[in-house]
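Trainee: Please find the sequence and the predicted model below.
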Amino acid sequence: MLLVESKLKFDKHVAKICHKVSQLVTVLKRRKKILVFEIPMNLHQAFIVLCFHYCAATWHFCSKYVSDKLEKIHERALHFVHQDNR
């Protein structure tokens, strides 16, 4: 579902995506000890990248704060995939 604000900022939509991806990364990090090497990459592609690609064109119209937040969450997800402990 796409959330559209009256001023077409899409900040609420992007914040919702950030929250969803953050929850996914947290769950995957908790389970990382039982995952073999290929599985984190597959999970990243199946769940996290899918969230980032959904309505990605709206992200060009969001505020810098929300854009930075998206970038940080994506970095967290990539650290998980590459088994980096940040």
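Mentor: Yep, it's here.
Trainee: list the buried ones in the longest helix seen in the chain?
Mentor: Secondary structure of the chain read by DSSP state H shows that its longest helix is helix 11-30. Neighbour-count burial for helix 11-30 flags 11, 13, 14, 15, 17, 18, 21, 24, 25, 28 (criterion: 16 or more other Cβ atoms under 10 Å). (Glycine included, C-beta is placed from N, CA and C.)
Trainee: Would you mind putting those into a markdown table with distance to residue 77 and pLDDT alongside?
Mentor: Shown next, in a markdown table, are the buried residues of helix 11-30 (distance: Cβ to Cβ, whole Å; pLDDT from 0 to 100):
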| residue | distance to residue 77 | pLDDT |
| --- | --- | --- |
| 11 | 21 | 74 |
| 13 | 19 | 75 |
| 14 | 15 | 77 |
| 15 | 17 | 79 |
| 17 | 12 | 81 |
| 18 | 11 | 82 |
| 21 | 7 | 85 |
| 24 | 8 | 85 |
| 25 | 5 | 85 |
| 28 | 8 | 80 |
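Trainee: want to throw those into TSV with distance to residue 63?
Mentor: Listed next are the buried residues of helix 11-30 as TSV, based on distance: Cβ to Cβ, whole Å:
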residue	distance to residue 63
11	6
13	12
14	9
15	10
17	14
18	12
21	18
24	23
25	22
28	27
